[in-house]
Every structure is written in structure tokens, then in C-alpha cells.
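In: Prediction below, plus the sequence it came from.
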Amino acid sequence: KAVEAISRIPVDTALIVVGAGPKLKSLQELAMSLGVDVCFLGEIYDESQLAWLFLEACAVVSPGKIGLLAIHALAYGTPVITHDDLDRQMPEVEVISEGLTGAFFKHGDVADLAEKMTKFLLDKNKEVRRDQAIARIEATYTPEAQVAFITSALKNKLEGKC
């Protein structure tokens, strides 16, 4: 969907695809047939390379299930765009707050995905959004935050408040 969506975006931009899999060849062919600027980087496991990509990106797009990628991207302050069918998502989708730490496009709707992507490309508040994304991760998804949540739950249980 992201390759199709980039062809509908009215600004001069490129899509960078990280990863490999059974759909790679068909995505490359689609990009060529649409004449869009898509750079396929393959699999990347080096954190310094991933950090650079996250920090340079206007947003991370995951047209399928979003999992730990959401946490990883937001830890760098990069908003996440994924589909809105929560029954087809992973639990980490809860970290995305519409308009703050990312956006949801209508599942299967390329035009809506393009609209969401354009919003982040043209965002004038990129630094504010980055700060919000990082704050969200630090407040809820660090080991320290998770320990505090678990401790609180256990305390409430032991005190009979649950």
C-alpha cells in the first residue's frame, strides 16, 4: 500500500523500504511500473543505521500489522502510520495516538494512506511531535515504567483494590 500511496503524494519525496520478504520483488516491480522514487534497502539490523533512518524520516509507515516497530520508531521520536483495523493489529498499536504519535489510515484505503503520509511530510510541528512521541515511550514503555505499572498492580491486588 505504501508504494501505491507514494504515487499519490503531491510533494517531491522518496519512500525508503527496509526489510525483505516474499513481496519484495512484486513491490520493486510495482514501484517501477508506477514510476515512483522508492529505495529498497533490504534487511538492516545495525542500530546506528536504523537510528539514522528513523531520525531522518517524517514518519514510519507500516501498512500491515504494527508490532515492536511502533515502539522502536517512537523511541526516536518518529511518528507511525498504520491501518485502523485493530482486530488485525498487534498489541503495540496502543502506543499510537492519532495526530500526536502517529496516524491510522482506513484499512486497505490507499488514498487515505497517502493523505496521512502527506500530513506528516508537510508537518510544521515536527520537533513538537518528536518530543510527544519520545515522552509517550518514556512514560509507558521503558523498563522502569513497566516495573512501576507491575508494582502498582501487585500492590493494588495485595490491598484488595482490584
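Out: Arrived safely, thanks for sending. Residues are numbered from 1 along each chain as shown.
In: which SS class is the residue nearest to R88 when sequence neighbours are not counted?
Out: Among residues not flanking R88 along the chain, K65 sits closest, at 6.5 Å (C-beta to C-beta, 6 or more residues apart in numbering). C-beta coordinates here come from the backbone N, C-alpha and C atoms, glycine included. Here K65 is coil, with the state taken from DSSP: H, G, I helix; E, B strand; the rest coil.
In: ditto for D112
Out: helix.
In: Pull the number of nearby residues for it.
Out: 18 (other C-beta atoms under 10 Å).
In: My guess is it contacts T118. True?
Out: No. Counting by C-beta atoms under 8 Å, T118 is not a contact partner of D112; they are 10.7 Å apart.
In: ok but V17 is inside a helix, no?
Out: No. Counting by three-state DSSP, V17 is not found in a helix; it is strand.
In: Spell out, range by range, the helices that occur in this protein.
Out: 2-6, 24-34, 47-56, 68-75, 110-121, 126-140, 143-158 (DSSP state H).
In: Using JSON lines, please lay out the ones you listed together with distance to I96 and mean pLDDT.
Out: Shown next, in JSON lines, are these (distance: least, C-beta to C-beta, whole Å; pLDDT from 0 to 100):
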{"stretch": "helix 2-6", "distance to I96": "16", "mean pLDDT": "94"}
{"stretch": "helix 24-34", "distance to I96": "24", "mean pLDDT": "95"}
{"stretch": "helix 47-56", "distance to I96": "15", "mean pLDDT": "96"}
{"stretch": "helix 68-75", "distance to I96": "6", "mean pLDDT": "96"}
{"stretch": "helix 110-121", "distance to I96": "11", "mean pLDDT": "95"}
{"stretch": "helix 126-140", "distance to I96": "9", "mean pLDDT": "90"}
{"stretch": "helix 143-158", "distance to I96": "17", "mean pLDDT": "92"}
